[in-house]
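> Here is my input; please provide its structure:
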Amino acid sequence: MAPLDSARAKLARATKHLHTLEEVVPAFLREHDYPVVHEVDRAAFYHRWKVELGTPFPECWALVIGDMAHNMRSALDHIAWELAGSDPADTWTQFPIYAEETKFAQAGRVVKTIPKRPLALIKWLQPYRRPNPYDDRLWTIHALDAEDKHKTITILLAAMVETEYFPVAPTPSRVQHEVTFTFGPFDPSIKDAVIAEGRLMASPLDGSPAHTDVEMNFQPTFGIAIRADSAGITWLPGLVVLHEALACAWQVWEWSSRYADPYKR
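Sure thing, here's the model as predicted:
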């Protein structure tokens, strides 16, 4: 077996899982319409938009995401083990992932047999070296793997929203709005969820009374969000973050392969 082949096989498996999700998730969201209902309190100039849900996501999605996360995390540990010398008796070496520098300093045994040059790379990759460690994609891998170990991964509905306002009445008017948008995540099993609400009115330029005859070109685009409470992340933006996490893991594999030759360590 060539150096780092076991890690590459793990990442190839994770890639296959991602391709599966990239096929089934958009197809499911296309097949299950999420209509938006508009409610108006004309006296208060208050508008509310609700999205009708009611269709739970397939349970197998959580299993696929969990398998993907485990394969990415396991691949990193395989990399660390090989860089440490591939000793069959070595049961302690791991790829450390820490959001706090003090915890990395205490890693001790899990990195003690990794040579200085690859260890310097691993240290440079640590989430704590980023401005926001919890947004780092290595931490994402850690978070998803931890979530899947301890409980079922929760997948929720999320939305992206594009809007445009314009008055319906022919009288020249100025649109005033104080609308707040909620991008989720929403529980897909509930009946409906408020996606936007607030005051919205048209004030005619001729001085006549303000009115609620205002249309909002409201076009939410739906996707999935993933909860990862086990590692300090409330939710992650679905397929985008999975793609980025996998790309990060492959990048670590590529950089680490430079040190797979014992003579380069």
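> Could you point out the longest helix of this structure?
The helix that spans the most residues within the chain, counting by DSSP state H, is helix 5-31.
> next structured bit after that one?
strand 36-41 (DSSP states H and E).
> where are the low-confidence patches of this structure?
Residue ranges of the chain with pLDDT under 70: 1, 161-172, 177, 188, 215-218, 230-234, 261-265.
> mind listing the strands for it?
Counting by DSSP state E, the segments of the chain that form strands are 36-41, 46-52, 155-162, 165-167, 173-181, 192-204, 214-216, 219-228, 233-236.
> got those as a markdown table, with distance to Asn71 and mean neighbour count columns?
C-beta coordinates here come from the backbone N, C-alpha and C atoms, glycine included. Shown next, in a markdown table, are the strands of the chain (distance: least, Cβ to Cβ, whole Å; neighbours: other Cβ atoms under 10 Å):
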| stretch | distance to Asn71 | mean neighbour count |
| --- | --- | --- |
| strand 36-41 | 37 | 12 |
| strand 46-52 | 34 | 18 |
| strand 155-162 | 18 | 18 |
| strand 165-167 | 46 | 15 |
| strand 173-181 | 35 | 14 |
| strand 192-204 | 33 | 18 |
| strand 214-216 | 43 | 17 |
| strand 219-228 | 16 | 19 |
| strand 233-236 | 17 | 18 |
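> Can I get those in TSV including distance to Met68?
Formatted as TSV, the strands of the chain follow (distance: least, Cβ to Cβ, whole Å):
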stretch	distance to Met68
strand 36-41	32
strand 46-52	28
strand 155-162	13
strand 165-167	41
strand 173-181	30
strand 192-204	27
strand 214-216	38
strand 219-228	11
strand 233-236	13
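> out of those strands, nearest to Lys123?
Lys123 lies closest to strand 233-236 among those, at 22.4 Å (Cβ to Cβ).
> Against Leu138, how distant is Gln126?
Separation of Gln126 from Leu138 (Cβ to Cβ, to the nearest Å) stands at 7 Å.
> Quick check: neighbours shared by those two?
Applying Cβ atoms under 8 Å, 6 or more residues apart in numbering, one finds that Gln126 and Leu138 are jointly contacted by Ile97.
> which of these two has more neighbours?
Shown here are Gln126 and Leu138; by other Cβ atoms under 10 Å, Leu138 has more neighbours (25 against 21).
> Surely Ser189 touches Leu53?
Yes. Contact criterion Cβ atoms under 8 Å: Ser189 and Leu53 qualify, at 7.1 Å.
> which of those two has more neighbours?
Higher neighbour count among Ser189 and Leu53: Leu53, with 19 against 12, using other Cβ under 10 Å.
> Can you name the residues that contact the more buried one?
So Leu53 contacts 34, 157, 186-193 (Cβ under 8 Å, 6+ apart).
> Please repeat the previous calculation with a cut-off of 7 Å.
34, 157, 186, 188, 190-193 (Cβ atoms under 7 Å, 6 or more residues apart in numbering).
> residues contacting Leu76?
Neighbour list for Leu76: 95, 249, 252 [criterion: Cβ under 7 Å, 6+ apart].
> where does the second one sit relative to Pro115, distance-wise?
Using Cβ to Cβ, Ala249 is found at 21 Å from Pro115.
> Looking at these two now, which is surrounded by more residues?
Legend: neighbour count by other Cβ under 10 Å for Ala249 and Pro115, higher for Ala249 (25 against 14).
> Okay, the more buried one and Thr93: tell me how far apart.
Distance, Ala249 to Thr93, by Cβ to Cβ: 18 Å.
> in the stretch 51-200 of the chain, which spans are helices?
Ranges of helices in the stretch 51-200 of the chain, per DSSP state H, counting those that start in this stretch, are 60-83, 101-105, 116-125, 137-150.
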